[in-house]
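Participant: Have a look at this prediction, sequence included:
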Amino acid sequence: MFAAPSPSAGAMARRKERKLSLLFRHPESDTKHAAGVESLLLVPGHQILFTASRDSTIKRWSVADDCPPAFDASFDGHTDWVNSVCLVADGGIVVSGSNDRTVRLWRGTSQGTLLSTLSHHSDYVTCVAAADDGKTVATAGLRGEVFLVDLGTANTARVHPYASGSGDDDGVVPGAAAAGGGGGGGDGGDKASVYALALNATASVLAAGGADNLVRLWDPRTRAKMSKLRGHTDCVRSLAVSPDARQVLSGSSDGTIKLWDVGLCRCVHTYKLHADSVWCLVPSADFRSVYSGGRDRCIFRTNLPARTAEL
């Protein structure tokens with residue numbers, strides 16, 4: 001009896017692993033989410049709502065004032081939780097970030113058309129944000145990774161942390177990083193997971209916050225570090241940048257909301273309203289008031305200059 005020859009080490013090394021994903025649809029998955037909803041996106045003036053879910057889908061709804069909300073389309077392609085969605089300024093592209101480590105671009109007006117899949121993150125993508133210039137998108141996630149995506153050139157630039165051993169802090173990944181493997185590097189303190197991200201309208205200030213309790217600011221045009229805003233005593237969960245980039249709002253698991261002066265790099269006021277973590281912030285267009293929600297199940301509307309709040 002002769003034994004079959006075993007594969008050589010070289011042959012084993014050449015063998016490539018392939019990832020297989022199977023999608024089993026829930027009977028109602030075409031019109032309803034089958035798991036929790038992680039992110040909402042209301043399109044101004046278009047009476048359209050996008051919802052992102054742990055069921056790995058994004059759904060579009062018609063929310064006209066004179067009609068009951070109605071399902072419009074499902075955007076399928078992610079293979080894990082969809083954590084965040086944002087809209088590129090012209091309204092044609094929806095950007096999503098997922099635990100499957102990808103950022104996906106969708107044609108928002110379609111019946112679920114996927115335009116591109118970006119794989120520049122090495123871990124979960126927790127948040128995405130877009131400027132009003134129609135081309136600048138920021139993405140962030142675990143391991144402290146923050147990237148800028150230029151939709152015009154299809155380039156992805158690492159903002160934080162910089163690549164280990166790089167002497168010029170360049171961090172540019174050409175071709176939209178379609179091959180993956182970006183991120184990493186930097187010192188251990190720089191790898192704190194990012195859970196909040198915000199861009200102002202003209203893409204002149206990028207803010208990120210997370211598990212290190214800091215709010216970090218960069219100039220997206222040069223990717224230069226601007227400042228670190230210190231003051232929170234727990235994870236930063238939500239951020240907003242004023243249209244003129246002079247102020248930043250941050251909400252934290254320490255239960256506070258802070259208003260920061262970007263030029264002075266200091267906290268202007270701390271709003272102590274919530275009894276637990278502050279999870280979300282939505283400022284008014286003039287940045288004079290903000291709606292906040294948190295783990296305490298409360299929603300507040302705060303007049304920022306007057307420093308008064310109501311449920």
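Facilitator: Sure thing, it's come through. Numbers count the residues shown, from 1 in each chain.

Participant: so residue 47 makes contact with residue 63?
Facilitator: Yes: in this structure, residue 47 is within contact of residue 63 by CB atoms under 8 Å, at 5.4 Å. Every residue, glycine included, has its C-beta placed from N, CA and C.

Participant: Just checking: what are the partner strands of the helix or strand hosting residue 196?
Facilitator: Element membership of residue 196, judged by DSSP states H and E, is strand 194-199. Here strand 194-199 is paired, per DSSP bridges, with strand 206-210 (antiparallel).

Participant: So which bits of the partner strand are buried?
Facilitator: 206-210 (16 or more other CB atoms under 10 Å).

Participant: same check, this time on stretch 247-265
Facilitator: Buried, per 16+ other CB under 10 Å, within stretch 247-265: 247-260, 262.

Participant: mind checking the end-to-end distance for that stretch?
Facilitator: When the termini of stretch 247-265 are compared using CA to CA, to the nearest Å, they are 10 Å apart.

Participant: Just the mean pLDDT for it, thanks.
Facilitator: The average of the pLDDT scores along stretch 247-265 is 97.

Participant: what about the closest residue to residue 50 other than its chain neighbours, neighbour count?
Facilitator: Spatial nearest neighbour of residue 50, excluding adjacent residues (CB to CB, 6 or more residues apart in numbering): residue 41 at 4.1 Å. Applying other CB atoms under 10 Å, we find 19 residues neighbouring residue 41.

Participant: what does residue 68 give?
Facilitator: 7.

Participant: tell me the contacts of it?
Facilitator: Listed by CB atoms under 8 Å, 6 or more residues apart in numbering, residue 68 has no contact partners.

Participant: and what of the one 4 residues further on?
Facilitator: Applying CB under 8 Å, 6+ apart to residue 72 gives the contacts 48, 59-62.

Participant: now do 6 Å
Facilitator: Shown in contact with residue 72 (CB atoms under 6 Å, 6 or more residues apart in numbering): 60-62.

Participant: which residue is nearest the centroid of the chain?
Facilitator: residue 127 (1.5 Å; CA atoms, centre = their mean).

Participant: Beta-bridge partners for that one, please?
Facilitator: residue 140.

Participant: correct me, but it touches residue 139?
Facilitator: No: contact criterion CB atoms under 6 Å: residue 127 and residue 139 do not qualify, at 7.4 Å.
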